[in-house]
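Asks: Provided below are the primary sequence and the corresponding predicted coordinates.
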Amino acid sequence: ANHSCDPNTAAIFNQPRQLLRALRPIKKGDEITMKYVDITNPFSVRQAELSEAYFFGCKCIRC
């Protein structure tokens, strides 16, 4: 799943697996997204964390 600050799934860790649970209905063809960073942080912090850890900046609808 790709990152979004407005994700449509949440990760559930059930060792040794990671499951994704839908947070809202997902239609056929919709991108599956999850958060890679704490989305309660301010925009600038989220962008810095994504850049440092994942080498990209978020361009989701929330950003």
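Replies: Done, it's in. For clarity, every value in this text was computed on a predicted model and none was experimentally measured.

Asks: Any idea what I12 is bridged to?
Replies: On DSSP bridges, the residues paired with I12 through beta bridges are L19.

Asks: Please give the number of neighbouring residues around it.
Replies: Counted by other CB atoms under 10 Å, the residues lying close to I12 total 10. (Each C-beta comes from the backbone N, C-alpha and C, glycine too.)

Asks: ditto for P25
Replies: 7.

Asks: One more: S51?
Replies: For S51, the number of neighbouring residues by other CB under 10 Å comes to 12.

Asks: Helices of the chain, start to end?
Replies: 43-54 (DSSP state H).

Asks: Show me where it dips below the pLDDT cut-off.
Replies: Applying pLDDT under 70 to the chain flags no residue at all.

Asks: Now do the strands in it.
Replies: In chain order, the chain shows strands spanning 2-3, 9-14, 17-22, 33-34, with DSSP state E as the criterion.

Asks: residue contacts, R62?
Replies: For R62, the contacting residues are S4, C5, D6, I39, taking CB atoms under 8 Å, 6 or more residues apart in numbering as the criterion.

Asks: Now do the second one against K27, distance only.
Replies: Distance, C5 to K27, using CB to CB, to the nearest Å: 20 Å.

Asks: mind listing what the spatially closest residue to Q18 that is not a sequence neighbour touches?
Replies: The shortest distance from Q18 to any non-neighbouring residue, by CB to CB, 6 or more residues apart in numbering, is to A11 (5.6 Å). Listed by CB under 8 Å, 6+ apart, the contact set of A11 reads Q18, L19, L20, M34.

Asks: Just give me the neighbour total for the nearest residue to E49 once chain neighbours are set aside.
Replies: Leaving aside its sequence neighbours, E49 sits nearest to V37 (CB to CB, 6+ apart; 4.5 Å). When counting by other CB under 10 Å, one arrives at 18 neighbours for V37.

Asks: Over to T33?
Replies: The criterion is other CB under 10 Å. On that basis, T33 has 19 neighbouring residues.

Asks: H3 now?
Replies: A count of nearby residues for H3, using other CB under 10 Å, gives 17.
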